[in-house]
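Pasting the sequence and the predicted coordinates here, then a few questions.
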Amino acid sequence: MKIELEVLDISLSIAKVKDDINLLHEVKDAKFISFTRTDEEISLVVDSDQLPNHDYVNSGWRALRIAGPLDFSLVGVLQSIIEPLAKNGISIFSISTFDTDYILVRQEQLQTAVELLSDEFVVR
């Protein structure tokens, strides 16, 4: 059985934010929110049309979702997706959740990424 990938129908932005006090309230209507805080930074990935005003923003991303849930014992799934993209000069931004992984690619490289991955995966 081939792994399935789903192209999400939203444009995403990646931001480095300074303060998270009201952040989740500001993006509460977003379809996609990924929020990560470490001792060095706060990162936000969110629908581009829901992004609050921030200094460091990189827009124009699309996401491929691996159909899940994925078992934690699976090995190499993400690598099998990233490797053909890297070999063809497509950079990614990856996000892992409890159930699955998301691979973000630049909007202008989405079609090429889908074509490359369609040989090994079911892409819908």
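Received it, and whenever you're ready, just let me know what you need. Residues are numbered from 1 along each chain as shown.

name the element residue 82 belongs to?
For residue 82, the host element (DSSP states H and E) is helix 77-87.

Pull up the distance across stretch 109-124, start to finish.
Taking CA to CA, to the nearest Å, the first and last residues of stretch 109-124 lie 16 Å apart.

Only the C-alpha atoms, please, for the helix holding residue 82, written as CSV.
Presented in CSV, the C-alpha positions along helix 77-87 are these (Å, rounded to 0.1, in the frame of the first residue of the first chain):
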residue,chain,number,x,y,z
VAL,A,77,8.7,8.0,6.0
LEU,A,78,9.6,11.6,6.1
GLN,A,79,13.0,10.9,4.6
SER,A,80,11.4,9.1,1.6
ILE,A,81,9.4,12.3,0.9
ILE,A,82,12.2,14.8,1.5
GLU,A,83,14.9,13.0,-0.4
PRO,A,84,13.5,13.3,-3.9
LEU,A,85,12.6,16.9,-3.3
ALA,A,86,16.1,17.7,-2.1
LYS,A,87,17.7,15.9,-5.1
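
what's the average pLDDT for it?
Here helix 77-87 scores 87 as its mean pLDDT.

buried residues in the helix or strand of the chain with the lowest mean pLDDT?
In the chain, no helix or strand scores lower on mean pLDDT, DSSP states H and E than helix 23-26, which sits at a mean of 76. For helix 23-26, the neighbour count (16 or more other CB atoms under 10 Å) marks 23, 26 as buried. Using the backbone N, CA and C atoms, a C-beta is placed for each residue, glycine as well.

Kind regards, and thank you for your time.
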